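> fold the following, please.
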Amino acid sequence: MLPRERWLWWEQLWSDVCALRVRFRLAVRSRWWEDRVRVEALAALAAWLEGYDSGEWHDPPGKLALLYDVERVAALLRDGGEPFHPDRDRLASRDS
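Numbers count the residues shown, from 1 in each chain. Purely as a prediction, here's the structure:
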């Protein structure tokens, strides 16, 4: 991935994580971006949800499966330090 593409992906993921945190009350922890499993889980959840939110997918059982899997993703996110605060953590993410 080219640096510009990577930056755009990162910006979208940051935005998605902020939205997921509010929408599903996910206990995202500060510095989540330093853990590959957390990054992958959040990116996958955001992509999965986008399929339904955009209207691309019309599969009620699949949407229910997504909602059940939110709990499994939430379990991956619970451990760690301080809670994620987008404004404060944005500066820290640039230093990483």
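
> does the residue sitting nearest the centre point of the chain count as helix, strand or coil?
The residue lying closest to the centre of the chain (C-alpha atoms, centre = their mean) is residue 42, at 3.1 Å. Following DSSP: H, G, I helix; E, B strand; the rest coil, residue 42 is assigned to helix.

> contacting residues for it?
Residue 42 sits next to 13, 16-17, 20, 28, 32, 73, 77 when contact means C-beta atoms under 8 Å, 6 or more residues apart in numbering. For the C-beta atoms, the positions are set from N, CA and C on the backbone; glycine is no exception.

> distance of it from residue 23?
12 Å (C-beta to C-beta, to the nearest Å).

> chain center to the longest helix along the chain: distance?
Assignment by DSSP state H gives helix 3-23 as the longest helix of the chain. Mean-position distance between helix 3-23 and its chain equals 8 Å (C-alpha atoms, centre = their mean, to the nearest Å).

> just the buried positions in it, please.
Buried residues in helix 3-23, counted by 16 or more other C-beta atoms under 10 Å: 13-14, 16-18, 20-21.

> quick one: mean pLDDT for that helix?
Mean pLDDT, helix 3-23: 94.

> contacts for that helix?
The contact list for helix 3-23, computed with C-beta under 8 Å, 6+ apart, reads 1, 26, 28, 32, 39, 42-43, 45-46, 49, 84, 86, 90, 93.

> quick one, what contacts residue 55?
By C-beta under 8 Å, 6+ apart, residue 55 has no neighbours at all.

> circling back to that earlier point, what is the nearest of the buried residues of helix 3-23 to residue 66?
Comparing the buried residues of helix 3-23 against residue 66 with C-beta to C-beta places residue 20 closest, at 11.5 Å.

> next one: residue 73 from residue 4, what distance?
Residue 73 sits 28 Å away from residue 4, going by C-beta to C-beta.
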